[in-house]
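Asks: return atomic coordinates for the entry below.
(3 chains)
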Amino acid sequence: MLGGLSIRGAQEEDPPDPQLMRLDNMLLAEGVAGPEKGGGSAAVAAAATASGSPTDNSIEHSDYRAKLSQIRQIYHTELEKYEQACNEFTTHVMNLLREQSRTRPISPKEIERMVSIIHRKFSSIQMQLKQSTCEAVMILRSRFLDARRKRRNFSKQATEILNEYFYSHLSNPYPSEEAKEELAKKCSITVSQGVGSTITVAQVSNWFGNKRIRYKKNIGKFQEEANLYAAKTAVNAAHAVAAAVQNSQTNSPTTPNSGFQMKDEEFQLDSAENKNTLLTSMFTGSSGSFNLPNSGDMFMSMQNPNGDSYQGAQVGANVQSQVDTLRHVISQTAGYNDDLGGNSMYSPHGLDANGGWQDAMTPSSVISPTEGPGSVHSDTSN
DNA sequence: CTGTATGATTCTAT
DNA sequence: ATAGAATCATACAG
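Replies: Presented below is the predicted three-dimensional model:
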């Protein structure tokens, strides 16, 4: 109050100063403040990791990066300048005081006070700098990255991975937190900047949320896709189960070896239409009248004749859906059972009439519209 | 430019 | 808190 020399006029922030802390934190988070290339560009590096496909979206990212580093450079330059100026000024004043000390006695206290005034002044300038830097970053961010709903499509590869998971877990398309992380990692859907992985998982969640609801809303629209990915999964499953099938082919009416001739490349699904139709026709058969000797065991253990109370059992659902798709492929490649109409195809698992997903699916998760839930079932036998 | 696809956000119900 | 539903805003194909 009596503080005399009015030099402080502008701000009175002697204490820690929360605002400054906030600015500092933000600048750090944005990679403006931190170490030059190490920590600061970690987020950027993560973003750049999305590389994968050449047609990626890194163009705008690099643009953003360029501007951000520009900001950073300016910020650092200015900061340094201020610091230097501060030091110079301080020494100047000190010299002056020292000179004066010849003529009048100057207490160390007074010196200290002087120095602290100077420092305060400069730090207020610094704060201004930080503030405007923050503003600049915010603007840049909102322009490039956030922009609220500045949407970027995921890479084809990423959607493929997500779809694969979705359709192979169609009976329970709710990936766990870990599964999401894994998927996120696999997809490299890192469009984030600041905090990295959280957003990525959130994106996976978004994707599944959207997918579930859109799938449910218009299943017909997704049939092709479902078939496609079912086939893919089947092929994968085939690799895994092939040995078992081979070993115990004694029971099987089909000859597995010839059945699995299809190669992975055949299912690259680059939106080739003829492939689509091919696959579609593959699935027009019913799913009855065959059994998978070995996998049948896994099956039985989790199959519940009542068709309900089969909650959770994620692993079970997973295996089952794989086996389901596998069976489709096998049955078709064997060339039987084509007496059905062309549009039954691979029908949705576990989706009841109301659209419930939870545990509404029947154990034999293939419900052909033309057949109804009840009619399949030689496959449970064994 | 128009229509559809799609990622993100917001609101609601549970 | 979480999923679903509605909605928004952009991407992209025609």
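Asks: what sits against residue A:94?
Replies: A:111, A:115 (CB atoms under 8 Å, 6 or more residues apart in numbering). The way it works is simple: take the backbone N, C-alpha and C, and place the C-beta from them, glycine included.
Asks: I'd say residue A:170 and residue A:226 touch.
Replies: Yes. Here residue A:170 lies in contact with residue A:226, judged by CB atoms under 8 Å, at a distance of 7.3 Å.
Asks: more neighbours: these two, which one.
Replies: Taking neighbours as other CB atoms under 10 Å, residue A:170 and residue A:226 compare with residue A:170 leading, 27 against 23.
Asks: now do the SS call for that one.
Replies: Using DSSP: H, G, I helix; E, B strand; the rest coil, the structure places residue A:170 in coil.
Asks: now do it against residue A:235, distance only.
Replies: Residue A:170 is 17 Å from residue A:235, where distance means CB to CB, to the nearest Å.
Asks: for chain A, what's the longest helix?
Replies: Selection of the longest helix in chain A by residue count, based on DSSP state H, yields helix A:58-103.
Asks: the helix or strand just after that one: which residues count as buried?
Replies: Using DSSP states H and E, the helix or strand that follows helix A:58-103 in sequence is helix A:108-144. Of all the residues in helix A:108-144, those buried under the rule 16 or more other CB atoms under 10 Å are A:114, A:118, A:120-123, A:126-127, A:129-130, A:133-134, A:136-137, A:140-141, A:144.
Asks: average pLDDT across the longest helix of chain A?
Replies: Here helix A:58-103 scores 82 as its mean pLDDT.
Asks: got it, and stretch A:157-164?
Replies: Across stretch A:157-164, the average pLDDT comes to 91.
Asks: list the buried residues in it.
Replies: Applying 16+ other CB under 10 Å to stretch A:157-164 flags A:158-164 as buried.
Asks: looking at those, which are in helices?
Replies: Here DSSP H is the test, and these give A:158-164 as lying in helices.
Asks: rebuild these as CSV, extending it with distance to DNA strand C.
Replies: Shown next, in CSV, are these (distance: CB to the nearest atom of the strand, whole Å):
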residue, distance to DNA strand C
A:158, 13
A:159, 12
A:160, 16
A:161, 18
A:162, 15
A:163, 16
A:164, 19
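Asks: count of neighbours near the closest residue to residue A:168 other than its chain neighbours?
Replies: Take residue A:168 and drop its neighbours on the chain: the residue closest to it by CB to CB, 6 or more residues apart in numbering is residue A:233, 4.2 Å away. Residue A:233 has 24 neighbouring residues, counting by other CB under 10 Å.
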